[in-house]
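J.: Predicted coordinates and the sequence they were generated for:
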Amino acid sequence: MPGERIVLATIGSLGDLYPFLAIGRALAERGARPVIAGAESHMRFVEAAGLEGAPIYPDIETYVQAAGYEDFESWTERAAGDPDFLLREGALRFLPQSAAALDRIAEGADGVVGSSLAFAAPMVAERRGLPFVAAVLSPMLLFLTNDPPTLPGLPPLARKPRTPLHRRWNDLIRTIVALEMRRRFGRDLKRTRRDLGLEGSGAVPLFAFGRSGPARLGLFSPQLLAADARLPAEMNVTGYCWRQSREPMPEGLSRFLDDGPPPLVFSLGSFAVFAERGFYERSVEAARRLGRRAVLLTGMERPVRPVAGDDVYVADYAPHEDVFPRAAAVIHHGGVGTSARALAAGVPQLVVPHLGDQWDNAARLERLGLALSLDHEDYKVEAAAGRLATLTKDLRYAEAAREQASIVGREDGAGTAAEEILARLARRPAA
């Protein structure tokens, strides 16, 4: 459907933004006119991708000040340890304002796509009578009862629900979670719906529950799901949406990689890096205990300076798709974007989850036989070195990683998602 104007709304870290940039590019290549609605600080990435952008969320400093914190690091440390705080002070803090801004942007649009945290997106689509497509970035948010999520604080779930009793138990836990999510956050959503002139809704905040509902896209690899996973109706798992990076590899990093054996590569992404102190220093010591070189990707805005040496290279940022394939192993936080790039690189992974869906992503990578995990609170030198020794010496991890990379690397999630979105719009009844 050439010329269709499609609003894609997302909020969160760069890992939440990049799949939408990839889908935006795929839609543009098919003649559509995508608009990326997101955080003000992300608009420069949208512009760099050659796409139209529209801010609907303020910059992070505004969130920090609104919550009464002096700096982003303190705010992030609180968010990492308090999921309620992360939702309330992150996704919900400026929900009325973001809904009003998105409503203006959606005027004259032909459809809306929204991530799980972009709570305003389905409301605005409903108000304007537009087709809505929900984009789910990680399997955890589906809360599949026969492929249940791993998340600290949940009541115990049947991990391998082979019997009807196991599945009924998981259904019960999911119902309890739904009721609790509505109790904690439902008022915020109802208030914003009223502001938009909408009636109340029984939707569950965050999780893509339900056997029916809007068209849903799972923007992750089907390899992360159990073989017998039963997906909700109207759900299509597209595979990963690869954003083509335009950032060059730092020249010094290229030389470092060329001058020795594959290093251990450590990264905490663009968000968890602010919640963790001492991670990179401990990582250097663990690598040196194993006689391994190390590359530290410390985040674009928070360089750290551990003990220097010829065996360590520190970079604020480098394209993961260029660095990870040259690693002996990748040590990361378990964010969806970093996990995807590490999977495609075909190397073993040590996942150090900090918040949100990262524990679930870690468990799914472990299930594939290519990763180990270590909670961030347990990430000490001796424990990290022990797991890294196992990952690098036991060749079964590398073999499993290469096998999965041969599958995941062929996925074209952005193209599949773009085709699904356009097909959904094509089924819209004529006005």
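T.: Yes, it's here.
J.: quick one: residue 112 is in a strand?
T.: Yes: looking at residue 112 with DSSP: H, G, I helix; E, B strand; the rest coil, it is inside a strand.
J.: low-scoring stretches of this structure, by residue?
T.: 1-2, 202, 208-213, 270-276, 300-308, 429-431 (pLDDT under 70).
J.: how about residue 415, what does it touch?
T.: residue 26 (C-beta atoms under 8 Å, 6 or more residues apart in numbering). C-beta coordinates here come from the backbone N, C-alpha and C atoms, glycine included.
J.: what helix or strand is it on?
T.: Assigned by DSSP states H and E, residue 415 belongs to helix 413-426.
J.: cool, residue 117 as well?
T.: Secondary structure from DSSP H and E places residue 117 outside every helix and strand.
J.: For it, give me its contacts.
T.: With the criterion set at C-beta under 8 Å, 6+ apart, residue 117 makes contact with 10-12, 16, 90-91, 206.
J.: in the helix holding residue 415, what's buried?
T.: Residues of helix 413-426 classed as buried: 413-422, 424-425 (neighbour count, 16 or more other C-beta atoms under 10 Å).
J.: For the residue with the shortest distance to the centre of the chain, give its distance to residue 193.
T.: Closest residue to the average C-alpha location of the chain: residue 336 at 3.7 Å, with C-alpha atoms, centre = their mean. Remark: distance between residue 336 and residue 193 (C-beta to C-beta, to the nearest Å) = 28 Å.
J.: again, but for residue 362
T.: Residue 362 is 35 Å from residue 193, by C-beta to C-beta.
J.: Mind checking which of those two has more residues around it?
T.: residue 362 (25 against 21; other C-beta atoms under 10 Å).
J.: Would you mind listing the buried residues in the helix or strand where the more buried one lies?
T.: For residue 362, the host element (DSSP H and E) is helix 358-367. Within helix 358-367, the residues that count as buried by 16+ other C-beta under 10 Å are 358-365.
J.: Format those as a markdown table; extra columns: distance to residue 201.
T.: Formatted as a markdown table, the buried residues of helix 358-367 follow (distance: C-beta to C-beta, whole Å):
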| residue | distance to residue 201 |
| --- | --- |
| 358 | 29 |
| 359 | 29 |
| 360 | 26 |
| 361 | 29 |
| 362 | 33 |
| 363 | 31 |
| 364 | 30 |
| 365 | 34 |
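J.: From those residues, pick the one nearest residue 165.
T.: Nearest to residue 165 out of those is residue 363 (C-beta to C-beta; 22.5 Å).
J.: could you say what helices and strands the helix holding residue 362 packs with?
T.: If contacts are counted by 3 or more C-beta pairs under 8 Å, 6 or more residues apart in numbering; DSSP states H and E, helix 358-367 sits against helix 336-345, strand 349-351, strand 371-373.
J.: what are the ranges of the strands in the stretch 151-300 of the chain?
T.: 215-218, 235-237, 264-267, 294-297 (DSSP state E, counting those that start in this stretch).
J.: and residue 161, which of the ones you listed is closest to it?
T.: strand 235-237 (18.9 Å).
J.: Need the contact partners of the closest one.
T.: Under C-beta under 8 Å, 6+ apart, the answer for strand 235-237 is 136, 142, 208, 215-218, 220-222, 225, 231, 416, 420.
J.: Please name the strands paired to that strand in the sheet, noting orientation.
T.: Sheet pairing of strand 235-237 (DSSP bridges) gives strand 215-218 (parallel).
J.: which residues touch the partner strand?
T.: Contacts for strand 215-218 (C-beta under 8 Å, 6+ apart): 113, 131-136, 139, 142, 208, 231-232, 234-238, 417, 420-421, 424.
J.: Swap in 10 Å and give it another go.
T.: Strand 215-218 has contacts (C-beta atoms under 10 Å, 6 or more residues apart in numbering) with 19, 23, 111, 113, 116, 131-139, 141-142, 208, 210, 224-225, 231-239, 241, 413, 416-417, 420-421, 423-424, 427.
J.: Distance check, residue 193 against residue 128.
T.: Note on residue 193: its distance to residue 128, by C-beta to C-beta, is 14 Å.
J.: can you list the domains in this protein?
T.: 5-58+94-242+411-426, 251-408 (automatic domain parsing).
J.: and of the ones you listed, who's closest to residue 67?
T.: Of all those, the one in closest proximity to residue 67, counting by C-beta to C-beta, is domain 5-58+94-242+411-426 (11.3 Å).
J.: Now do that closest one: distance to the chain's middle.
T.: Domain 5-58+94-242+411-426 sits 11 Å away from the centroid of its parent chain (C-alpha atoms, centre = their mean, to the nearest Å).
J.: With stretch 319-326 instead?
T.: Its chain's average C-alpha position is 18 Å from that of stretch 319-326, according to C-alpha atoms, centre = their mean.
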